[in-house]
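Colleague: Got a predicted structure plus its sequence, pasted below:
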Amino acid sequence: MNDTEQLIKDALGQLAERTPHPGPTLNALRRKRKQQRSNIFLMATAGVAAVAVLIFAGVVASDRYAPPDANSAAAALMPGTGQTVDIEYTPHWLPDGYVETFRSVGEETTRVWVPASAKDVDPTLQTGHPRVSLTSLQALPDLSGWLETSVRGLKAWARTVQGQSAGPTTELVWQAQDVLRVSVRGQEAGQQTAMSVAESVRSDTKISFLTPFSLDGKPAGDVWGSTPSRWTARWHSEKYVVTVSTSTPAQTSGTPVSVRGRQGAIVADGSLVVRDSGLWLTVSGDGQSTDDLVDTATRVSLQHMDHPDTEWIGKGL
């Protein structure tokens, strides 16, 4: 294959990568469709009526539009909050029973799915549980020892290694619009599972979510949990680690300190802990003074805590 043929093949592969997965369309086509003309007439009539209502509502509303309230659902979708994070890729196939429990955003974006039976295990600590992850990388890794393959016509590389899990871990990377990696561990047919997941991945710039909090405009980098009402979010830098969680920390009592208009505490390990808006906020920093911890906690911006964007936690495809 010459260079021109390879360029054409890569271009066609990238076009295919952006093509919507056929599953939803095929499922829709399989549904039993009614052929009665009366139904078609009713649908057409209803459509005309709906358009008329929308036009009238738009004319009325155009004269009295106001920016959405900060706590409204519309405000959550407005850009520029500093907490909205794009999730540009999603798989359309996973092993049966797998649910999403972890998202990490930043220079690289990672999503993790585990069996529903393991969703209560902290994904930042678990070592041996089966899992599937999808990561958007900044660049291709060192491919020494990887086997060349393909994903939807695009060059790809795969390897199987013995990691922390009881069984091997299979990794598959390929160059789409971005460099993507699928990792599968704890599966007997790891290579086949990784390829099936990779083949189902599609790009969708509309996929995004709001992290539960930000600090100085930077969103929390890691969010994980077992259900939409049981979660933890973490922000970290070279000096500080900040977490907001629905779960009570191991330590909550210590030296009293005033923070965010509430009484918090400096606990035994030197961290600052305070309960705010029904959540536990913890700030830790090696060698940082109490004033520095309080100042950092004060700069934390919580995001719509009445309705946090955590509905994806514990859900499958």
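Modeller: Perfect, I can see it now.

Colleague: Could you point out the helix or strand that follows the worst-scoring helix or strand of the chain on mean pLDDT?
Modeller: Lowest on mean pLDDT, DSSP states H and E among the helices and strands of the chain sits helix 73-77, with a mean of 28. Next in sequence after helix 73-77, counting helices and strands by DSSP states H and E, comes strand 84-86.

Colleague: Give me the distance between whichever helix or strand comes after that next one and the centre of its chain.
Modeller: Sequence order places strand 89-90 as the next helix or strand after strand 84-86, per DSSP H and E. Taking CA atoms, centre = their mean, to the nearest Å, one finds strand 89-90 lying 9 Å from the centre of the chain it belongs to.

Colleague: pLDDT of strand 89-90, averaged?
Modeller: Per-residue pLDDT values across strand 89-90 average out to 92.

Colleague: So which residues make contact with the helix or strand following that strand?
Modeller: Sequence order places strand 98-104 as the next helix or strand after strand 89-90, per DSSP H and E. Residues from elsewhere that reach strand 98-104, judged by CB atoms under 8 Å, 6 or more residues apart in numbering: 87, 109-116, 119, 123-124, 132, 209, 221-226, 312-316. From N, CA and C alone the C-beta is placed, and that goes for glycine too.

Colleague: how far does strand 98-104 sit from the chain's center?
Modeller: With CA atoms, centre = their mean, you get 7 Å for strand 98-104.

Colleague: just stretch 102-114 next, same as before
Modeller: On CA atoms, centre = their mean, the centre of stretch 102-114 falls 6 Å from the chain's centre.

Colleague: In CSV, list the C-alpha atoms belonging to it.
Modeller: Extracted C-alpha coordinates of stretch 102-114, given in CSV (Å, rounded to 0.1, in the frame of the first residue of the first chain):
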residue,chain,number,x,y,z
PHE,A,102,-15.8,7.2,37.5
ARG,A,103,-14.9,10.2,35.4
SER,A,104,-11.5,11.9,35.3
VAL,A,105,-11.0,15.1,33.3
GLY,A,106,-8.1,17.4,32.6
GLU,A,107,-5.3,17.0,30.0
GLU,A,108,-6.7,13.5,29.5
THR,A,109,-10.3,12.3,30.0
THR,A,110,-11.1,8.8,31.4
ARG,A,111,-14.4,7.1,32.0
VAL,A,112,-14.7,3.8,33.9
TRP,A,113,-17.4,1.1,33.9
VAL,A,114,-17.6,-1.8,36.3
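
Colleague: What mean pLDDT does it get?
Modeller: For stretch 102-114, the per-residue pLDDT averages 92.

Colleague: What segments of the stretch 151-300 of the chain are helices?
Modeller: Assigned by DSSP state H, counting those that start in this stretch, the stretch 151-300 of the chain shows helices spanning 190-200, 290-298.

Colleague: Of those, which stretch is the most buried?
Modeller: helix 190-200 (a mean of 20; mean count of other CB atoms under 10 Å).

Colleague: between that one and strand 98-104, how big is the angle?
Modeller: Relative orientation of helix 190-200 versus strand 98-104 (axes from the mean of the first three to the mean of the last three CA atoms, to 10 degrees): 70 degrees.

Colleague: quick one on the thing from earlier: of the helices of the stretch 151-300 of the chain, which is nearest Thr243?
Modeller: helix 290-298 (11.1 Å; CB to CB).

Colleague: That closest one: what's the following helix or strand?
Modeller: strand 300-302.

Colleague: what bridges to Val244?
Modeller: For Val244, the beta-bridge partners under DSSP bridges are Ala233, Leu281.

Colleague: doesn't Leu302 make contact with it?
Modeller: Yes: counting by CB atoms under 8 Å, Val244 touches Leu302, with 7.0 Å between them.

Colleague: Find residues that contact each of those two.
Modeller: When contacts are counted by CB under 8 Å, 6+ apart, Val244 and Leu302 are jointly contacted by 212-213, 279.

Colleague: Turn the residues you listed into JSON lines, columns for neighbour count, pLDDT and distance to Arg159.
Modeller: Shown next, in JSON lines, are the shared contacts of Val244 and Leu302 (neighbours: other CB atoms under 10 Å; pLDDT from 0 to 100; distance: CB to CB, whole Å):
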{"residue": "Pro212", "neighbour count": "26", "pLDDT": "91", "distance to Arg159": "35"}
{"residue": "Phe213", "neighbour count": "24", "pLDDT": "93", "distance to Arg159": "37"}
{"residue": "Leu279", "neighbour count": "20", "pLDDT": "94", "distance to Arg159": "41"}
